[in-house]
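Engineer: Sequence and predicted model, in that order:
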Amino acid sequence: MGHEKMNPRSRIATWGLRLAIIALLLFVVSVVLNRFDIVSFKIVIPMLGLSALVGGIAVLVSAVGILRTMLSARSGTRYAIAGLVLGLLVAAPLGQTILAGIKLPRIHDITTDLSNPPQFDAVVALRGPDTNSLDRSAPADLAEQQEAAYPDLAPLAIDQHPGKVFEAAEDVARKMGWDIVSVKPEAGVIEATAATRLMNFKDDIVIRVTETETGALVDLRSASRVGESDLGANANRIRSFLHELKKSLS
């Protein structure tokens, strides 16, 4: 401490920390604005991108600040280290998400049955006028894009009574923390909504259980309410559900 008081503080180190704090504030404001529906997601998404960008700049500036203080008589090493760590905390997760999304198609409506996807009913009333359409008409090659990106997604055939499978499906949906909107045993359909913990982005899910000659066939459809790309979230949700359902019935 005494050494830092005696020597002038590096401006670069100070600015690294300042930028990191600005990045954190942008991120926190974005979360608050979205969770409480204060502004449109079309404003929130660019704010998140900006916070990641500023956080990344903070990391670079802080790294230079650390070198500057180590190679000169200037103080401020602690400021630079704090800026580096804080900048990474903001930029790394957001940057990783953005990079992952670049590799995936810009689609947001995923299903295990491309020829006859389960249809939404009860959740339609919960989707506002600014939400994505559920008619799967755009893009025109939606099915082809999904099949190319997620070739593993397919209906799950289970050699057990459809009623038992339906009850297990509802139980798994509740255990996954989904908000159950509608349960129709006679139709074999369950509708639910899942929300991300931090940003509260909502996706709607429909589960369909149909009887077969040997047991039951389970199909899912998961669609994001907002955003052109789901960054793979819906496909991952379907995979997780089917995995847990198989475990539950094994």
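Structural biologist: On my side now, so go ahead. Numbering: from 1, shown residues only.
Engineer: Just the pLDDT at F41, thanks.
Structural biologist: At F41, the pLDDT value in this model is 85.
Engineer: try G128
Structural biologist: In this model, G128 carries a pLDDT of 87.
Engineer: who are the neighbours in contact with it?
Structural biologist: By Cβ atoms under 8 Å, 6 or more residues apart in numbering, the residues touching G128 are R225. For every residue, glycine as well, the C-beta is placed using N, CA and C.
Engineer: how far away is it from L231?
Structural biologist: Distance of G128 to L231, computed by Cβ to Cβ, to the nearest Å: 21 Å.
Engineer: And for A63?
Structural biologist: Counting by Cβ to Cβ, the separation of A63 from L231 is 28 Å.
Engineer: helices or strands next to the longest helix along the chain in the packing?
Structural biologist: In the chain, assigned by DSSP state H, the helix with the most residues is helix 41-71. Under the contact criterion of 3 or more Cβ pairs under 8 Å, 6 or more residues apart in numbering; DSSP states H and E, helix 41-71 touches helix 11-35, helix 77-102.
Engineer: buried ones in the first one?
Structural biologist: For helix 11-35, a neighbour-count test (16 or more other Cβ atoms under 10 Å) marks 12-17, 19-24, 26-27, 30-31, 33-34 as buried.
Engineer: Ignoring the adjacent residues along the chain, who's closest to S51?
Structural biologist: L26 (3.7 Å; Cβ to Cβ, 6 or more residues apart in numbering).
Engineer: Pull the contacting residues for the one you found.
Structural biologist: L26 makes contacts with 47-48, 50-51, 54, as judged by Cβ under 8 Å, 6+ apart.
Engineer: how does this protein divide into domains?
Structural biologist: 2-102, 109-249 (automatic domain parsing).
Engineer: which of those has the lowest average pLDDT?
Structural biologist: Lowest mean pLDDT within those: domain 2-102, a mean of 90.
Engineer: From the chain's centre, how far out is it? Work that out for me.
Structural biologist: Centre-to-centre, domain 2-102 and its host chain are 22 Å apart (Cα atoms, centre = their mean, to the nearest Å).
Engineer: Equivalent analysis for stretch 113-121, please.
Structural biologist: Its chain's average C-alpha position is 22 Å from that of stretch 113-121, according to Cα atoms, centre = their mean.
Engineer: Quick one: end-to-end distance for it.
Structural biologist: 17 Å (Cα to Cα, to the nearest Å).
Engineer: Run through who's touching it.
Structural biologist: 111, 134, 136, 143, 146-147, 155, 182, 189, 191, 204, 206-208, 219-221, 223.
Engineer: If any of those residues are buried, give me the ChimeraX selection for them.
Structural biologist: Those of the contacts of stretch 113-121 that count as buried under 16+ other Cβ under 10 Å are selected in ChimeraX with:
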select :111,134,136,146,155,189,191,204,206,207,208,219,220,221,223
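Engineer: Which ones among the contacts of stretch 113-121 lie within strands?
Structural biologist: Secondary structure assignment by DSSP state E places 111, 182, 189, 191, 204, 206-208, 219-221, 223 of the contacts of stretch 113-121 in strands.
Engineer: is it possible to export those residues to a markdown table including distance to L67?
Structural biologist: Output for the ones in strands among the contacts of stretch 113-121, formatted as a markdown table (distance: Cβ to Cβ, whole Å):
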| residue | distance to L67 |
| --- | --- |
| T111 | 52 |
| S182 | 59 |
| V189 | 61 |
| E191 | 56 |
| D204 | 50 |
| V206 | 55 |
| I207 | 55 |
| R208 | 59 |
| D219 | 56 |
| L220 | 52 |
| R221 | 52 |
| A223 | 48 |
